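> Return a 3D structure for these sequence lines:
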Amino acid sequence: MSPQKLDKKGLDDNLSYYINNKNDVSVIVYAILKNSPIAYRMDIEGSAQNGLKELFLDSLKRNIIDNHELGVLSLSSADERNNVIYHYDIEWPDELTSMQNMLGQQGEPVFDFNVQNIEDIRVLLICIGNAQQQIILYKTMAPVNIFSRTGFFLKKSATRLEEIKDDFFRVSDNFQIIKVENNLYVIDLKLIEKMFCFHDVIKKEAMLGTERSPHNFPKA
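Alright, predicted model coming up:
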């Protein structure tokens, strides 16, 4: 993890690469399941991949690049202000650290619908990029967006309603963390605080910073 964070302009410039080169970047989606740190690569048809790419690139442009009121602050100095993205400058949780190393490896596990269940998906990792550069979006999956065969669902056909017999889930364009140039930026601070319980870590970092202050060193 590099300690050097991008400012808002640097973040905009980096993300604009994907907007301006959308035909030259692709999307790969991984799923992390409940009670497991393993990221399973999902096999997604080409048209759906393009739809996901458009969905999240539009979200990046609308919510970050075109949001001129948005600022970038360090997570260790987080406060209550709104319209801020936080650079993750404290110790990464194990899940985010392992995420760094497990993606794009040879022999990576693939999501198998005969073994894994979609109702167990708790996080999607949306990887967008090419051989030159990539970003990763960390997106939590709320149970309300996952529909399994334990329920009963109908879909519209040409003239009537038909039963949906397969499991499915809905993907919205929101996400909680984005990884850019080997750094993490927190989009949804409140949700990530609950997930990783780093409120106490932030307070500890602040206390250590105070202890390291030259005003607290013993006089010679």
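> thinking residue 121 is in contact with residue 170, fair?
No: here residue 121 does not reach residue 170: they are 11.7 Å apart, not a contact under Cβ atoms under 8 Å. Backbone N, C-alpha and C define where each C-beta goes, glycine included.
> quick one: low-confidence ranges for this structure?
Across the chain, the ranges flagged by pLDDT under 70 are 1-3, 98-106, 143-155, 163, 197-220.
> can you tell me how far the residue positioned nearest the centre of it sits from residue 93?
Closest to where the C-alpha atoms of the chain average out (Cα atoms, centre = their mean) is residue 138, at 1.4 Å. Distance, residue 138 to residue 93, using Cβ to Cβ, to the nearest Å: 11 Å.
> again with residue 129
Residue 129 is 23 Å from residue 93, by Cβ to Cβ.
> can you check residue 64 too?
For residue 64 relative to residue 93 (Cβ to Cβ), the value is 23 Å.
> How about residue 122?
With Cβ to Cβ as the criterion, residue 122 and residue 93 are 14 Å apart.
> before we move on, what about residue 185?
To residue 93, residue 185 is 15 Å away according to Cβ to Cβ.
> what about these two, which has more around it?
Higher neighbour count among residue 185 and residue 93: residue 185, with 20 against 16, using other Cβ atoms under 10 Å.
> Confirm residue 4 sits in a helix?
No: counting by DSSP: H, G, I helix; E, B strand; the rest coil, one finds residue 4 to be coil, located in no helix.
> That one - nearest residue in space that isn't next to it in sequence?
residue 183 (7.6 Å; Cβ to Cβ, 6 or more residues apart in numbering).
> Neighbours of residue 19, how many?
Every residue meeting other Cβ under 10 Å relative to residue 19 is counted, giving 14.
> ok, now residue 61?
Neighbour tally, residue 61, other Cβ under 10 Å: 16.
> Could you do the one 3 residues further on as well?
Residues within reach of residue 64, counting by other Cβ under 10 Å, total 18.
> how close does it sit to residue 95?
Distance from residue 64 to residue 95, by Cβ to Cβ: 23 Å.
> ok, now residue 178?
15 Å.
> Can you list the buried residues in the lengthiest helix in the chain?
If you go by DSSP state H, the chain has its longest helix at helix 46-60. Within helix 46-60, the residues that count as buried by 16 or more other Cβ atoms under 10 Å are 52, 53, 56, 57, 59, 60.
> Quick one: residues contacting the last one.
If I follow you right, that is residue 60. Residues in contact with residue 60 (Cβ atoms under 8 Å, 6 or more residues apart in numbering) are 15, 18, 19.
> Could you rerun that using 7 Å?
residue 15 (Cβ atoms under 7 Å, 6 or more residues apart in numbering).
> how much space between it and residue 120?
Counting by Cβ to Cβ - residue 60 and residue 120 are separated by 28 Å.
> Likewise for the second one?
Computed as Cβ to Cβ, the residue 53 to residue 120 distance reads 25 Å.
> Equivalent analysis for the fourth one, please.
Here the criterion is Cβ to Cβ. By it, residue 57 lies 28 Å from residue 120.
> which non-adjacent residue is nearest residue 44?
Using Cβ to Cβ, 6+ apart, the closest residue to residue 44 is residue 29 (6.0 Å).
> Next: residue 56.
In space, residue 56 is closest to residue 126, 5.7 Å off (Cβ to Cβ, 6+ apart).
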